[in-house]
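*Asks:* Structural data only, the sequence is not supplied:
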């Protein structure tokens, strides 16, 4: 039965039809309990159809769970730099025709316009893939549908929370100007930084940055310059706490910036990044303007009851680099697979303890240190122009580049050289001293 025709509030997994009037959430115990065997497949709803939601839906449907994926605007494009690491192509079977550009050159430019070629240590078969989100997201959604998920083009308006651990959640949504409801056992919130799912379970607030970018179609000779080149600009003119970028797409470039602490001045910062690249984009035509909130840290609560948050809704965007696509898709897949495991391929009811054990704990074990490390780096190097100068100076070191690319491209700990590590530590301290970034600022960033 198609999801948009489901209006009853009963659920085939439960023997009694129930009407839910209370929206008050009663927290479940996190202790493991014996699973309830059910006579029909577990039913799951994924709210949001980006990389996180589509990857979750694919994992759920592949595992035999009745899956519905809600997406309000399937054709919309989220403002995004669009860079994905090399390992994602194989891990998520991303076909090469989705890649607009293979970036093999990267430049990082300091406030004083010191320019460092940050791609000189890339190996011949290594590159950073540039994609358009509307293209990637559509591909991942279609694949989830092919695995058996049902796409519901609708706006979710409300989520009624159950009064017992065996009762369903009721999703209220509008599709084709008609109000509908759907009863489900499990919900994955993949609906972005302003997550309605997160609000429904009182997951707590978090700090958001705003990303602003313009897609600019350049004259052919100008576009040739950016054929396989990406640029990052740092300085308090383009952002007081992040960076500005020029990333190549299929037939245009994305020029943008972001900030947390000064969102009201985002257009001023956008003007500054355009000014710094003025000669390189001269004659270009703006074809699209985009802005979007980006989470700055994980939410206080990412699992409650039989609801789990993934991607931006959970706050999985790294500091310093602003990377989010890979972590969105990875968290969605991990969460979907966790539900499949805990439910015995949809044959058993799950609880909060299952989600915490099978999804949240595994995620934190694998990625908590990565997010914390990048948080410290951003506080040390992005807090002042002196720190940014030190950052660019360090980026000129080949060992720093190789360690950075190994970690980014393959999402694994790079093989370290103790001697080179010691030299890098000395170089870092030297750069910070020369730039005047020492003392209390560094100590505060490190949490001392």
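*Replies:* Happy to help now that I have it. Worth saying up front: this structure is predicted, and the values here are computed from it rather than measured.

*Asks:* For the stretch 101-250 of the chain, which segments count as helices?
*Replies:* Applying DSSP state H, counting those that start in this stretch to the stretch 101-250 of the chain gives helices spanning 133-146, 196-200, 220-225.

*Asks:* Make CSV out of those and add mean neighbour count and distance to residue 331.
*Replies:* (Glycine included, C-beta is placed from N, CA and C.) Listed next are those as CSV, based on neighbours: other CB atoms under 10 Å; distance: least, CB to CB, whole Å:
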stretch, mean neighbour count, distance to residue 331
helix 133-146, 19, 14
helix 196-200, 21, 14
helix 220-225, 12, 34
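
*Asks:* Where does pLDDT dip in the chain?
*Replies:* Along the chain, the model assigns pLDDT under 70 to residues 1-40, 413-417, 420-448.

*Asks:* who's in contact with the residue nearest the centre of it?
*Replies:* The centre of the chain sits closest to residue 324, judged by CA atoms, centre = their mean, with a distance of 3.0 Å. Residue 324 makes contact with 80, 294, 311-312, 316-318, according to CB atoms under 8 Å, 6 or more residues apart in numbering.

*Asks:* what about the helices of the stretch 101-250 of the chain, which gets the closest to residue 266?
*Replies:* Between residue 266 and the helices of the stretch 101-250 of the chain, the shortest gap by CB to CB is with helix 133-146, which sits at 19.5 Å.

*Asks:* Run through who's touching the closest one.
*Replies:* Here helix 133-146 makes contact (CB under 8 Å, 6+ apart) with 49-51, 54-55, 57-58, 61, 67, 69, 71, 74-78, 80, 82, 84, 92, 94-95, 98, 100, 151, 325, 329.

*Asks:* Just the buried ones from the residues you listed, in ChimeraX syntax?
*Replies:* Buried residues among those (16 or more other CB atoms under 10 Å), as a ChimeraX selection:
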select :49,50,51,54,55,57,58,61,67,69,71,77,78,80,82,84,92,94,98,100,151,325,329
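
*Asks:* Number of residues surrounding residue 345?
*Replies:* Here the count is done by other CB atoms under 10 Å, and residue 345 has 14 residues near it.

*Asks:* So it is in contact with residue 64, correct?
*Replies:* Yes. If you go by CB atoms under 8 Å, residue 345 and residue 64 touch, sitting 4.2 Å apart.

*Asks:* got TSV for the helices of the stretch 101-250 of the chain, with distance to residue 405 too?
*Replies:* TSV is the format used below for the helices of the stretch 101-250 of the chain (distance: least, CB to CB, whole Å):
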stretch	distance to residue 405
helix 133-146	22
helix 196-200	34
helix 220-225	22
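
*Asks:* between these, which one is nearest to residue 411?
*Replies:* helix 133-146 (17.4 Å).

*Asks:* related to what we said a few turns ago, can you pick the most crowded of the contacts of residue 324?
*Replies:* Among the contacts of residue 324, residue 311 has the most neighbours (other CB under 10 Å), with 32 neighbours.

*Asks:* Enumerate every residue touching that one.
*Replies:* Applying CB under 8 Å, 6+ apart, we find residue 311 in contact with 48, 50-53, 190, 192, 324, 327-329, 331-332.

*Asks:* same check, this time on residue 76
*Replies:* Residue 76 is in contact with residue 134, counting by CB under 8 Å, 6+ apart.

*Asks:* In the stretch 101-250 of the chain, mark out all the strands, start to finish.
*Replies:* Here the stretch 101-250 of the chain has its strands, by DSSP state E, counting those that start in this stretch, at 101-103, 105-109, 115-117, 128-130, 150-153, 155-160, 169-175, 178-184, 186-189, 208-217, 229-233, 244-248.

*Asks:* tell me the most buried of the ones you listed?
*Replies:* Among these, ranked by average contacts under mean count of other CB atoms under 10 Å, first place goes to strand 186-189 (a mean of 30).

*Asks:* outside of that strand, which residues touch it?
*Replies:* For strand 186-189, contacts defined as CB under 8 Å, 6+ apart pick out 42-48, 53, 56, 60, 159, 169, 171, 195-198, 201, 306-310, 313-314, 332, 335-336, 339, 350.

*Asks:* give me that answer again for 6 Å
*Replies:* Identification of contacts with strand 186-189 by CB atoms under 6 Å, 6 or more residues apart in numbering yields 44-47, 56, 169, 195, 197-198, 306-310, 313, 335, 339.

*Asks:* now, which of those lie within helices?
*Replies:* 56, 197-198, 313, 335, 339 (DSSP state H).
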